[in-house]
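Colleague: what follows is a protein structure lacking sequence information:
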């Protein structure tokens with residue numbers, strides 16, 4: 001019985017502290033393994049990413065809500081679609097608006113699409129992931 005009370009107390013404390021801030025996201029931000037291989041030679045990606053474009057990635061192992069892939073110059077930026085400043089719910093999936101900004105439908109927070117700089121409401125940039133591009137194969141590897 002004593003262990004049950006201790007476990008119940010710890011569980012309650014974790015629930016009440018579930019959405020405290022960390023350095024780059026709230027503590028309730030989903031911690032998922034990101035390991036996606038994207039063939040950028042495919043017509044869909046080639047067309048959408050030309051001229052500093054962007055696309056949503058929903059491949060296997062690309063997070064709980066997918067990723068936003070942005071091309072700028074010869075580089076790529078990869079953002080998680082979970083809002084970094086709010087605990088996940090039905091309205092916290094980030095969206096690209098007007099091809100220039102990322103928005104959170106729940107509270108209207110905004111970030112610049114090309115570099116993730118917060119511009120409205122949130123002071124935390126979107127969670128970003130490492131990517132490497134192999135020009136010989138056209139494969140972009142995204143991982144954490």
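Modeller: On my side now, so go ahead. This one's a predicted model, so the numbers in the text were calculated from it and none came from an experiment. Numbers count the residues shown, from 1 in each chain.
Colleague: am I right that residue 45 sits in a helix?
Modeller: Yes: per DSSP: H, G, I helix; E, B strand; the rest coil, residue 45 lies within a helix segment.
Colleague: which neighbours in the sheet does the helix or strand encompassing residue 71 have, and how are they oriented?
Modeller: Residue 71 is part of strand 67-72, with elements assigned from DSSP states H and E. Take DSSP bridges as the rule and strand 67-72 pairs in its sheet with strand 54-57 (antiparallel), strand 75-80 (antiparallel).
Colleague: in the protein, which spans are helices?
Modeller: In the chain, the helices defined using DSSP state H lie at 2-16, 43-49.
Colleague: ok, now which ones touch the residue nearest the centre of the chain?
Modeller: In the chain, the residue lying closest to the centroid (CA atoms, centre = their mean) is residue 80, at 0.8 Å. Neighbouring residues of residue 80 by CB atoms under 8 Å, 6 or more residues apart in numbering: 34, 63, 65, 67-68, 94, 126-129. The C-beta positions use only the backbone N, C-alpha and C, and glycine is treated the same way.
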